[in-house]
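In: just to be clear, the model below is a prediction. Sequence and coordinates:
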Amino acid sequence: MAGLESERLDGPSSSHRHRRLDIAMVSDYFYPNVGGVESHIYILSQKLIQRGHKVIVVTHHYGNRCGIRHLPAGLKVYHIPMGTLPFSSTAATVPNMFSALPLIRSILLREKIQILHAHQALSSIGLEATMHAKTLQIGIRTIFTDHSLFGLGGGGWAEVSGNKIVKGILSDIDSVICVSHTGKENTVLRAMLNPDIVYVIPNAIVADSFQPDRNKSRYSGGPCMYTSPSDPSPFYVLENHPTEIWFLGDPWKPTYHLVTIVCVSRLAYRKGIDLLIAAIPKLCQKHPTIRFLIGGTGPKLIELEQMREKFQTVIKPDQVKILGPIRADQVRNLMIQGDIFLNASLTEAFGMTLLEAACTGLLVVSTRVGGIPEVLPEGLIEFAEPEVDDLVQATERAIKVIQSGTHDPQKVHERVRGMYSWTDVAARTEHVYYEAFKIEPAPLIERFRRYERPESTLSLSPELFSYFGSGSIFGKVMCIVVMCQYIFMGFLDWWMPRDQIDYAPDFNYDAYVQAYGSD
């Protein structure tokens, strides 16, 4: 087995940059959970498979979904039995450094993994798997993608401890990918990384899944409001005829233009829901012919409903609709009902929903925070500072554009389609993988020597230097954890010898394409 391992794990040379790689995507965030990270992992995996690589996904179990599941194109998913954090709305597992080691070891050996690609800083299983892969000492290269922005310690104990863990574990990473340049700066500062090993690869979108509604009137960029002699209220007529609004004829006639504003996000503080709660009454008072469709759920849901009740004199019945959680396959159907997409986030690394909204033909209004200015060019987005009055003014500018009839959803869709491609994301990610093989696997004594040696650790062995850079206390804890992992790995090698582990058969992708096609 040793000979086979050395042949496989030496990695692609410069003359074999297109040879097949065996890749493991590891994260707490994957289907059936729904979100941006989950979609990113799935689509990227599919594109890498199309490029000739073998890809598996390792995540924790969801309910009774435990064991191995197979997704299209031969994407194998390992749902390992790991408990998630109690009293938490996230899908993150309980942080630990040892309980997943036996299963991760078995999977990496069985699948002959060469690249371990972890996703998201809040994913305990992803970060810990990078350490397990190094502890195996078979030349696995480790990659980490950070999808979010986090504070540098001003948010309290949670930020400090989270950044400490990320810094300690990423000190032994081969390459890091961020989804925006702002995200890169944030990750480099939080984890004290060498910027040369951090790459920026933005997210992308499946444009065919976010087509604008071609049957939608462009009379005002959206549907019209109608009145009748018996009911002069344009809003109530719309609500009383929700399915007939496109087909109303004489004696009905258009008198106002309805502008629909869509908001889709987790209803939480960091998503700027407090700004939204303050801005909606002001917008409804100034523009009685607009309506809001709000999708999502979260801790701010009750406050949002209370706002609607409090301002009943300003907000007409059903002018602000709170739709609750929206499934991924429902997002496009919600988007095409709107004209403007409003995002009030206080922090955002990239903003996938902005891209989805623009691809569906909506005019985007967003706070100028994080990596959002990198997502869409001028003309497709109206920016606002993260304060109520500026957000209201930016939304009013967007309303005027929609009412002028100059906004063409189909042209916006075509423009966004040409800007983002998952095929390009997969090619750039593949380049990062090949670059990682230029870094020779360090021997044990040099493994952790990635940062300048602290003066206080001159008498320590070199493999402890960078972990001690995590702090005088936490650095020692990390060193103890790593040494214990080696001891545990040695026990597992004795209990379940590597040469007795059966290799998993590879999926025949060519036969799959012949039978079912590549789409």
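Out: Received it, and whenever you're ready, just let me know what you need.
In: going forward, measure contacts between C-alpha atoms and count neighbours the same way
Out: OK.
In: for the stretch 151-300 of the chain, just list every one of the helices.
Out: Along the stretch 151-300 of the chain, the segments classed as helices by DSSP state H, counting those that start in this stretch run 157-170, 181-191, 234-240, 273-286.
In: so which of these is the most packed in?
Out: helix 181-191 (a mean of 21; mean count of other CA atoms under 10 Å).
In: give me the mean pLDDT for that helix.
Out: Computed over helix 181-191, the mean pLDDT rounds to 90.
In: what's it packed up against?
Out: Helices and strands touching helix 181-191, by 3 or more CA pairs under 8 Å, 6 or more residues apart in numbering; DSSP states H and E, are helix 157-170, strand 175-178, strand 198-200.
In: quick one: contacts of that helix?
Out: Outside helix 181-191, the residues that touch it by CA atoms under 8 Å, 6 or more residues apart in numbering are 146-150, 152, 163-164, 166-168, 170-171, 177-178, 193-195, 198-200, 349, 370-371.
In: buried among those? Need that as a selection in PyMOL.
Out: Here is the PyMOL command that selects the buried residues among the contacts of helix 181-191 (16 or more other CA atoms under 10 Å):
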select buried, resi 146+147+148+149+150+152+163+164+166+167+168+170+171+177+178+193+198+199+200+349+370+371
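In: weakest of the helices of the stretch 151-300 of the chain in terms of mean pLDDT?
Out: For those, mean pLDDT drops lowest on helix 234-240, to a mean of 35.
In: Val77 in helix, strand or coil?
Out: What DSSP: H, G, I helix; E, B strand; the rest coil gives for Val77 is strand.
In: nearest spatial neighbour of Pro299, skipping sequence neighbours?
Out: Spatially, and ignoring its direct neighbours in sequence, Pro299 is nearest to Ala268 (5.7 Å; CA to CA, 6 or more residues apart in numbering).
In: so the one you found touches Glu303, yeah?
Out: No - counting by CA atoms under 8 Å, Ala268 stays clear of Glu303, with 10.4 Å between them.
In: any common contacting residues for the two?
Out: Counting by CA under 8 Å, 6+ apart, Ala268 and Glu303 have no contacts in common.
In: tell me which element Ile23 falls in.
Out: strand 22-26 (DSSP states H and E).
In: and that strand, what other elements does it pack with?
Out: strand 54-60, strand 115-119, helix 124-136.
In: and the helix or strand following that strand, what's its mean pLDDT?
Out: Following strand 22-26 in sequence order, the next helix or strand is helix 36-50 (DSSP H and E). The average pLDDT within helix 36-50 is 92.
In: which strands and helices lie in contact with helix 36-50?
Out: Where contact means 3+ CA pairs under 8 Å, 6+ apart, helix 36-50 is packed against strand 54-60, helix 422-436.
In: go with 7 Å
Out: With contacts defined as 3 or more CA pairs under 7 Å, 6 or more residues apart in numbering; DSSP states H and E, the packing partners of helix 36-50 are helix 422-436.
In: for the helix it packs on, what does the pLDDT average out to?
Out: On average, the pLDDT along helix 422-436 is 96.
In: what comes up buried for it?
Out: For helix 422-436, the neighbour count (16+ other CA under 10 Å) marks Trp422, Thr423, Val425, Ala426, Thr429, Glu430, Val432, Tyr433, Tyr434, Glu435, Ala436 as buried.
In: residues contacting the second one?
Out: This points to Thr423. Lys47 (CA atoms under 7 Å, 6 or more residues apart in numbering).
In: ok, Ile302 - how many residues close by?
Out: Around Ile302 there are 11 other residues, counting by other CA atoms under 10 Å.
In: secondary structure class for it?
Out: helix.
In: related to what we said a few turns ago, any idea which of the helices of the stretch 151-300 of the chain gets closest to Asp502?
Out: helix 157-170 (29.8 Å; CA to CA).
In: from the middle of its chain, how far away would that closest one be?
Out: Centroid displacement of helix 157-170 relative to its chain, using CA atoms, centre = their mean, to the nearest Å, is 20 Å.
In: and stretch 59-75, by the same measure?
Out: Remark: stretch 59-75 is offset 19 Å from the chain centroid, using CA atoms, centre = their mean.
In: tell me the buried residues in it?
Out: For stretch 59-75, the buried set under the neighbour-count rule, 16+ other CA under 10 Å, comprises Thr59, His60, His61, Tyr62, Cys66, Ala73, Gly74, Leu75.
In: in the helix ranked longest in the chain, which residues are buried?
Out: For the chain, the helix reaching the highest residue count under DSSP state H is reported as helix 474-495. Across helix 474-495, burial judged by 16+ other CA under 10 Å covers Phe474, Gly475, Lys476, Met478, Cys479, Val482, Gln485, Tyr486, Phe488, Met489, Leu492.
In: that helix - contacts with which helices or strands?
Out: Short answer (3+ CA pairs under 7 Å, 6+ apart): helix 474-495 packs on helix 465-468.
In: average pLDDT for the strand holding Ile23, rounded please.
Out: Strand 22-26 comes out at a mean pLDDT of 97.
In: quick one, it and helix 422-436 angle?
Out: With axes from the mean of the first three to the mean of the last three CA atoms, to 10 degrees applied, the angle from strand 22-26 to helix 422-436 works out at 110 degrees.
In: can I get stretch 494-508 in CSV? Just the C-alpha atoms.
Out: What follows is stretch 494-508, C-alpha atoms only, in CSV (Å, rounded to 0.1, in the frame of the first residue of the first chain):
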residue,chain,number,x,y,z
TRP,A,494,-2.5,-0.4,15.4
TRP,A,495,-6.2,-1.2,15.9
MET,A,496,-7.3,-0.8,12.2
PRO,A,497,-4.1,-1.1,10.1
ARG,A,498,-4.2,1.0,7.0
ASP,A,499,-3.3,-1.9,4.7
GLN,A,500,-6.5,-3.6,5.8
ILE,A,501,-8.8,-0.8,4.8
ASP,A,502,-10.6,-1.5,1.5
TYR,A,503,-10.6,1.1,-1.2
ALA,A,504,-14.0,2.4,-2.4
PRO,A,505,-14.7,1.8,-6.1
ASP,A,506,-14.6,4.9,-8.3
PHE,A,507,-17.8,6.1,-10.0
ASN,A,508,-17.8,5.8,-13.8
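In: residue ranges with poor pLDDT in the stretch 401-519 of the chain?
Out: Low-confidence segments of the stretch 401-519 of the chain, defined by pLDDT under 70: 442-472, 475, 519.
In: near Glu378, how many other residues are there?
Out: For Glu378, the count of nearby residues is 8 (other CA under 10 Å).
In: no wait, Ile501
Out: Using other CA under 10 Å, the number of residues around Ile501 comes to 12.
In: now do Asn508
Out: 11.
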